[in-house]
Each structure stands twice: as structure tokens, then as C-alpha cells.
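Chemist: coordinates only, sequence not included:
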């Protein structure tokens, strides 16, 4: 018998590396695109069907861009709906192509209708975009179409081929999207922890605002990752109830939510801690612990992606032990000036110790399973609910409605330019406008720059390649490579993606003997399409961020008010991570992320449309700090036994709640001099700031956090008044 050869260490390393590559979302998706494109190009080359290559590949591209993640049955329904929409769009182009007036009317109405479908949900928004894209692809080849059926059937065949491969792919690896989205959550948590650690670098005269702004940005990225993961899990649920293979990942998701609440919390004014402990090692110990936990989050992300059990490292445990020794040493100094400050450090230590416990429980998420482990299902499941969502967005205050109007007018004007100047390949104008025109100026500007640079680069690279590789086989190889590269870079770097899709277009049209002929039209049409997109965003129902910033601020204040009310209620009954609490927490973080993104978008807009930039950043800093102080209260929830203390908490919360409500009205209703005479309670501030030493430590923490929130309110009122004055004048 032949003896079995042992596997060498190098073979194990190679296997592990291949597994890591396979778990990479970009590489995995690129392999799917590669297999799909080869399935189109190889038969077309073998049977010399060059005229089929372009519509089949365009069908594949449109299908891939319209696809959204879902479980198998949901994906099947989405595919059927997408193919129906694709058929309607492509056949409509063939029927109306030779009647320009009817074509223009149809283009306007269908564009508006498809974009408004996005009100139902992200899946329908993707299908709507893909349908508009397939319509423009049908326009590109309509002048060469010999009959009504040929081109639509080829486009639909390409789309159906991609969906078949995608369904097979997802059937073999159904949990991979969940693993990838959950891994992204932990990577974002790692970035957030590292940002938090910078606040514990004890420097003289620490200025926390730049750190707070960076924290707000990273918190927005973390919130986006959590929302994406929630949607991925929700797609595999039954009206919010997740079972089967996704159940374990759901518990890890809830664990990640709790970790996020704890690391987003703030227990004190960090500049004061820095001033008092700048010569001690204790803040460095906190910094090192946060960095160790960030490293653990990265390791968790890799374990989830690879589908292997996470083994918690001892680094952060050692860091925790060293921190305990450092805190004990400070306690032994018996410095009266440090007494209250050491309490803050102990609260922070307890919070991070709980985070440490949660990180170590990732491999056993059922240990902290929630009683109400159901997701908030916000999907519209009935035709009536879908119609109500569309109807509620049919007003000029809706960003989706404004975008639909802009896009409809821009594409119709683009078609008018094509007809008026008799531009032979002018439909690339519409294609560019579709990709570049985004719901706001900032995003449109980013797409525009990337589109122009990418197109120029693609032409500069593609033309020499056409010359040096004249054979059909070599050009088909470049078609496949550039198609795969387009999807690999589509989300990470749109400029690169545009460059590769330009190369693909050159080589595709060269199969019909028109490679060099499309170079200048492609460049000119790109510039015209970009100009239309920018003009639409700037002049058709413009949505300048400075005009709506006060409403975004009001929403942030309102969601924080609701989140705080949910928390205070649990200090009476005890900690419960029920659905209503989790919804309030998520809304608060979502609105904080919206405020961060709105201010960032405002900075990218023309100077004359920006206003109160410094005040906006200050409001963002205070708003994020408010959320952090509230999150600390949420992280330490427990029942307060003392009736007197609970009454003080309720009194303080009543005053804070009324202040937050007044702030909401100041920002939302442009109230410059809101009446606050019924709010003030002169005893609340004194009672909150002078808690007793014999009080339970958790009680002192609650009173302290409420006091920190109370201290912020005057400056928030002052800023809200300034914004009200600006809006009114």
C-alpha cells in the first residue's frame, strides 16, 4: 500500500491563502463575472457570431448592475421582475425609435416612473436603474437593428445568462454575503476603536473637536455597515424572524450592535482627563487596550469571512490586567482632587471590560441571546404598501422626487440634442448622464471628475492596444479582462471602472470594424453628458445642503430625544434590548450619520451655497457628543432601586426632554425666540452636579451623564437660534 504523504507547512499556507482570496468579496465577485463573460465570448468566437457579442455583454452588464442580494426564492422573484422590466424597456425603444416625439415623451415618463419605483426599497431602485440602463443600451444598437425582436432578445439573453450563473453561484455559497457584510461591520468597529484611542493620548491643551469630527465620520461608516448587514439578514428572514443558517450570524450582529453602543459612548470631558493625568501611564493603558480591541475586531472579521471559529487573543486580556494595576496604583495615592476623575476612569474601565467579554463571546454568540431576537422589517410587502410609499414621495420636498424630475428632464434634453444635431452615436450622452447625475451635487461632482478622467485614460490606453493587438482572439481577451476589472473597481474606484469600461467599448465596437471611429464621439458625448448632469443638479429643483441642514439637525436632535427616553424608561424596569429600544438606538445613529454626510456634502458645493460652516461643524461636534453621552447611559442600563434617586433622574430627564423638544422646534420651524420659561428648573443643575459619595456607582454615573448633557444645552440653543435667523433672513 502507498503511504499517505503528510501535508507540508507550505501547502497549508498556500491553501489558507487561497481560502482568504476566495473569501474576498471583490475577488469572488470578479470570478463570477469572469465565468459569465467567458460563457458569452467563447461561443460567439467559436461560431464567428461577432454581431452578438455587444448586445450579449451589454445585457450581462445591465443585469449585474441591477442585481441585489437576497435568499434564493427572493432572488428568483427579483430576477423575474427584472427581466419583465428589461423586456418592457428594450421593446419600447424598438417600437418608438423612429417616432422622435413619442420617443421623447416615453423617455420622460418611463425615466420618472422607474426612478420613483425606488421609493419602495433598495431592490426596486436597483431594478429601476438597470431598466433605464438596458433602455439606453437598446438605443445604442437600435439604428442597426434588422427587426423588432433581435436586439431585445439578445440583451435579455445576456441578462438571463448572468442571472443563471449568479443563482448557481449563490446556491453553492448562500451564506457568503452574510459573512462578508458582518465582517465589514467588525472592520468598521476596528477603525472606530482606533479613532477613539486617539483621545487617550495625553497632550497639553487637548482640542477634542477634530477628534469628534473624525469620530462622527467613522461612526457614519460603521452605521452604514450595520444597516447593510441588517438588510442582508432581513433578506433571509420571514418578516424579520431569522432562523436556520443565518441565526448564528444574527446573534453576532446583535453583539456587534451592543459593542457599537458601548464604544460610541463618552463618560467624561476628555480634555479634563488629559489635563489631570498627563504625567500618568493610565491614559496610555486605555489607549493600548482600545488598540488591542481594534486588533481583535480585525481578527474577528477575518474569522467570519473564512467561516472558521474565532480564537480570542490574550493581548487585550493582558492590557486589561495592566490597566487594573494602573488604576489601583492611582487609587492608592488617595489624591482628593482625583476622586471624581477616578470614578470616570472606573466607569470607562467597566465599559471596556464588558466590550472585552463580548469580543471573547463572538464564537459563542448564543451566550447573550436576546429575548426579542427579531429584526425591524421595514420592507413594503403588499401592493397597497408599495403604492403608499410611492405616493408619499410625490412632492417637491422628497429628494427622490426631485431626482426623478431632474433625471427625466436631463435625459429628454439629451435626446433632443441628439436629434437636433443628428449625432450618430449620441446615445452615450444619455448613458453618461444616467451614471453621473446623482441625487445631490456633491455625489454628482465626484462621479463627473471620475467619469471624465476615466474616459480619457481608457481612450489613451485603449487606442494603442487596438493597434498592437489586431487579432480577434487577443481583443476578446481584453474585452473579458476589462469587463471583469470594471466590476472589480465599480464601487472602490469609479474612475478606474470608467477607464476599463471605455476599453471594453472600444474593443466591442472594433469587432464590428468601428473601433477607431468611436474614440472622438465617446469623448465628446461624455463631456456633453457630464454637462447635462451638472446642469440638472444645479438648476432643476436644486437640493443645496445648506438649505436643508436645519432639518437634518432637527432630525438628529429628535432621534436623540427618543433614544434618551427609551433609556430612562429602562432605569425603572431594568435592561431590555427589545425591538423598540433597538429601533430608537439605530435611528439616533442613522440621523447622526445623516448629519455628518450632509455637512460633508455641503463642503463640496460651490462657495456661494455654503453657509455657517464653522457653526455647522460645532453643531456636529456637540450633536455627536450628545449621542455619545446618551450611549453611555444606554451601555450601563440597570434598574435604579432608590425611589428618591429615580425621581431625581425623572426630573432631570423631564427638563432635558423639554429642552431637546424646544431645540427640535427651533431648527424645524425656524423659531428664533422660542419660549423656554416653563422649562427651567434651577435646582436640577445643582442636584445633578452634587451627587453623594455614598451613592451607588451606577447611580453616580447616571447623574453625571445627565449633568454632561444638561451642560451642553445652552450652546445648542445658541447655535439653533443662529441657524433659525439664517433661514428666516
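Modeler: Sure thing, it's come through. Computed from a predicted model, the values in this text were never measured in an experiment. Numbers count the residues shown, from 1 in each chain.
Chemist: name the secondary structure element that contains the most centrally placed residue in the chain.
Modeler: Central residue of the chain (C-alpha atoms, centre = their mean): residue 224, 3.3 Å from the mean position. Assigned by DSSP states H and E, residue 224 belongs to helix 208-234.
Chemist: picking that back up, look up the closest residue to the residue nearest to the centre of the chain, ignoring the ones flanking it.
Modeler: Sequence neighbours aside, residue 593 is the residue nearest to residue 224 in space, at 6.7 Å (criterion: C-beta to C-beta, 6 or more residues apart in numbering). Heads up, the C-betas are built off the backbone N, CA and C, glycines and all.
Chemist: what's the neighbour count on the one you found?
Modeler: 21 (other C-beta atoms under 10 Å).
Chemist: my guess is it contacts residue 223. True?
Modeler: Yes. When contacts are counted by C-beta atoms under 8 Å, residue 593 is listed as touching residue 223 (4.3 Å).
Chemist: could you give me the buried positions within the following helix or strand past the helix holding residue 224?
Modeler: Next helix or strand after helix 208-234 toward the C-terminus (DSSP H and E): helix 247-263. Residues of helix 247-263 classed as buried by neighbour count (16 or more other C-beta atoms under 10 Å): 247-263.
Chemist: same deal with stretch 446-461?
Modeler: For stretch 446-461, burial by neighbour count (16+ other C-beta under 10 Å) applies to 447-448, 450-452, 454-459.
Chemist: list of residues touching it?
Modeler: With contact meaning C-beta atoms under 8 Å, 6 or more residues apart in numbering, stretch 446-461 is reached by 432, 435-436, 438, 493-503, 506, 519, 522-523, 526-527, 530, 533-534, 604.
Chemist: could you redo the last one with a cut-off of 7 Å?
Modeler: 432, 435-436, 438, 494-500, 502-503, 519, 522-523, 526, 530, 533-534 (C-beta atoms under 7 Å, 6 or more residues apart in numbering).
Chemist: so which of the residues you listed belong to helices?
Modeler: If you go by DSSP state H, the contacts of stretch 446-461 have 432, 435-436, 494-500, 502-503, 519, 522-523, 526, 530, 533-534 in helices.
Chemist: how about the strands in the stretch 301-450 of the chain?
Modeler: Using DSSP state E, counting those that start in this stretch, no strands are found in the stretch 301-450 of the chain.
Chemist: how about low-confidence regions in it?
Modeler: 365-373 (pLDDT under 70).
Chemist: ranges for the helices of it?
Modeler: When assigned using DSSP state H, counting those that start in this stretch, the helices of the stretch 301-450 of the chain occupy the ranges 315-332, 339-360, 383-392, 399-420, 427-436, 441-468.
Chemist: any idea which of those is most buried?
Modeler: Burial of the helices of the stretch 301-450 of the chain is given as mean neighbour count (mean count of other C-beta atoms under 10 Å); helix 427-436 ranks first at a mean of 26.
Chemist: for that helix, what is the distance to the chain centroid?
Modeler: Centroid displacement of helix 427-436 relative to its chain, using C-alpha atoms, centre = their mean, to the nearest Å, is 25 Å.
Chemist: again with stretch 376-385
Modeler: 22 Å.
Chemist: do the same with stretch 282-290
Modeler: Distance, stretch centre to chain centre, for stretch 282-290: 30 Å (C-alpha atoms, centre = their mean).
Chemist: mean confidence (pLDDT) on it, please.
Modeler: Averaged across stretch 282-290, pLDDT comes to 87.
Chemist: and the contacts of that stretch?
Modeler: Stretch 282-290 has contacts (C-beta under 7 Å, 6+ apart) with 193, 196-197, 200-202, 273-274, 277, 316, 319-320, 322-323, 326-327, 330, 345, 348, 352.
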